[in-house]
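[1] Let me see the structure of the following:
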Amino acid sequence: MNFLQDDAAIFTRATNPNNPKRVAHIVKAVQYGESLTLEERGKVEDLVSRFADVFACSLSEVTQVPGIQHRLHIPEGTKFNLRVHQRALTPPQTQFLHGRIDEMLTAGIIEKAPPELVKCCATTVLAQKAH
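    Numbers count the residues shown, from 1 in each chain. Model prediction:
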């Protein structure tokens, strides 16, 4: 959903989720199946419009679900790999990944962890979307 990224008028989920500009952006950004008839597509677009408040136009609009806490039930004494055998990323991949990490840090979705709290490391895999 980057085609209106610079338009602050669409990032109003917290203050005005039914802002017409925001709703229009969401209706345009949603991908609809090609097998829909015009009537079916109209009904689906109407449904998306009515429930536009559940869509986030950017990571900064993602909100936490109250009362939910993620827990991993890992048996005591389990050993994990702390060495990463990361395949080198190309400069564009590195720029993309660092940009996404910075965006998630800014939005409060993730937070930095001090090295002494790291229990496991895994490689990063960037997969290109098929469409």
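
[2] packing partners for the lowest-mean-pLDDT helix or strand in the chain?
    The weakest-scoring helix or strand in the chain, judged by mean pLDDT, DSSP states H and E, is helix 91-107 (a mean of 92). Here helix 91-107 touches no other helix or strand, going by 3 or more Cβ pairs under 8 Å, 6 or more residues apart in numbering; DSSP states H and E. The way it works is simple: take the backbone N, C-alpha and C, and place the C-beta from them, glycine included.

[3] Show me the contact partners of it.
    S58, L59, S60, V62, L89, I110, E111, K112, T124, L126 (Cβ atoms under 8 Å, 6 or more residues apart in numbering).

[4] Over to stretch 56-68?
    Contacts of stretch 56-68 (Cβ under 8 Å, 6+ apart): 1, 4-5, 10-11, 13-14, 22, 25-26, 29, 103-104, 106-107, 109.

[5] Check the residues you listed for burial and list the buried ones.
    Buried positions within these, assessed by neighbour count (16 or more other Cβ atoms under 10 Å), are L4, I10, F11, R13, R22, H25, I26.

[6] could you pull out the helices for this structure?
    Secondary structure of the chain (DSSP state H): helices at 20-29, 38-50, 91-107.

[7] ok and the first one relative to helix 38-50, angle-wise?
    Going back to what we said before, that points to helix 20-29. 140 degrees (axes from the mean of the first three to the mean of the last three Cα atoms, to 10 degrees).

[8] which strands and helices sit next to helix 20-29?
    helix 38-50.

[9] May I see the buried residues of the helix it packs on?
    Quick answer for helix 38-50 (16+ other Cβ under 10 Å): E45, V48.

[10] now it, how far from the centre of its chain.
    24 Å (Cα atoms, centre = their mean, to the nearest Å).

[11] again, but for stretch 98-116
    Its chain's C-alpha centre and that of stretch 98-116 lie 13 Å apart, by Cα atoms, centre = their mean.

[12] Stretch 64-75 now?
    For stretch 64-75, the distance to the chain centre is 18 Å (Cα atoms, centre = their mean).

[13] do the same with stretch 57-77
    13 Å.

[14] Endpoint to endpoint, that stretch covers what distance?
    With Cα to Cα, to the nearest Å applied, stretch 57-77 spans 42 Å between its terminal residues.
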